[in-house]
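Colleague: any chance you can model this:
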Amino acid sequence: MKKHRSLLLYYIVSGSLLVILLFIRFQYPELLDLETRWLAVAVLPIVIGIFLTERVKKIKAFGVEFEAFPSRNNIGGDEEKLELNVDLDEGILPTDYFFINHTSFLRPEKQEEFMQRTNVNRPHYDIRVIIDSYYRCALEQIKYVQYYLHKSYPEPIQTRSNRSDNFCLKEVANGEYVLTAEIHLKNTTRKILLERYITLWESGPIIDK
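Modeller: This next block holds a predicted model:
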């Protein structure tokens, strides 16, 4: 839905620009003597909008080729997710029914505090970890999530049960490692295990939560 709104804005900008250029060309030709082909400039906002909303992955213009990379931090709201009716007890789920998303960032002003807390003389990164899904209502099936962090943490096993923030884990890391999430589901004893390598970026991608 957000992409549709953004694209509509680019259409409005292009239409407005085209009207202005045509008005100036025919009413005040002495002010703006444009060849007709240059009126094509008015469609540039539409082209840019289509590109930025990822409706087209690659554009080649003016001798330069641009390629869009798919967003890795946002899968859209519930209205953009897929419908899928599943029986969790049957154990038949798509591999992407649940997945871990994470980001990290470095706060220079907090480094001294973090190093004193851990007695580790290396950069400390804030990390954020969430559980997400491409399928509508999938997260509603989760009772709670148990995160297994690196054994060096004072509390290596942590539990999150807040659905509203996607079971968000907020921690600090001074090294990369593989994190495991054990998803406990409602109305079934079945558990789902997920793993993700925690990469440390100074300014990582923005995630929804």
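Colleague: any weak-confidence spans in this structure?
Modeller: Scanning the chain for pLDDT under 70 picks out the ranges 1-8, 10-11, 13-15, 17-18, 21-22, 24-81, 84-92, 208-209.
Colleague: what's the domain layout of it?
Modeller: Using automatic domain parsing, the domain ranges for the chain come out as 2-67, 78-198.
Colleague: okay, now Gln141: neighbour count?
Modeller: Residues lying near Gln141 (other CB atoms under 10 Å) number 18. All C-beta spots, glycine's among them, are computed from the backbone N, C-alpha and C.
Colleague: same thing with Tyr125?
Modeller: 25.
Colleague: which positions in stretch 195-209 come out as buried?
Modeller: Across stretch 195-209, burial judged by 16 or more other CB atoms under 10 Å covers 198, 200, 204, 207, 209.
Colleague: may I have the phi/psi pair for the third one?
Modeller: To tie it back to what came earlier, the one meant is Gly204. Main-chain torsions, Gly204, degrees, to the nearest 10: phi -80, psi 180.
Colleague: for it, give me its contacts.
Modeller: Residues in contact with Gly204, defined by CB atoms under 8 Å, 6 or more residues apart in numbering, are 102-105.
Colleague: same thing but at 6 Å, please
Modeller: Applying CB atoms under 6 Å, 6 or more residues apart in numbering to Gly204 gives the contacts 103-105.
Colleague: which non-adjacent residue is nearest it?
Modeller: Leaving aside its sequence neighbours, Gly204 sits nearest to Thr103 (CB to CB, 6 or more residues apart in numbering; 3.8 Å).
Colleague: wait, that neighbour sits on Trp201?
Modeller: No. Using CB atoms under 6 Å as the test, Thr103 is too far from Trp201 to be in contact (7.2 Å).
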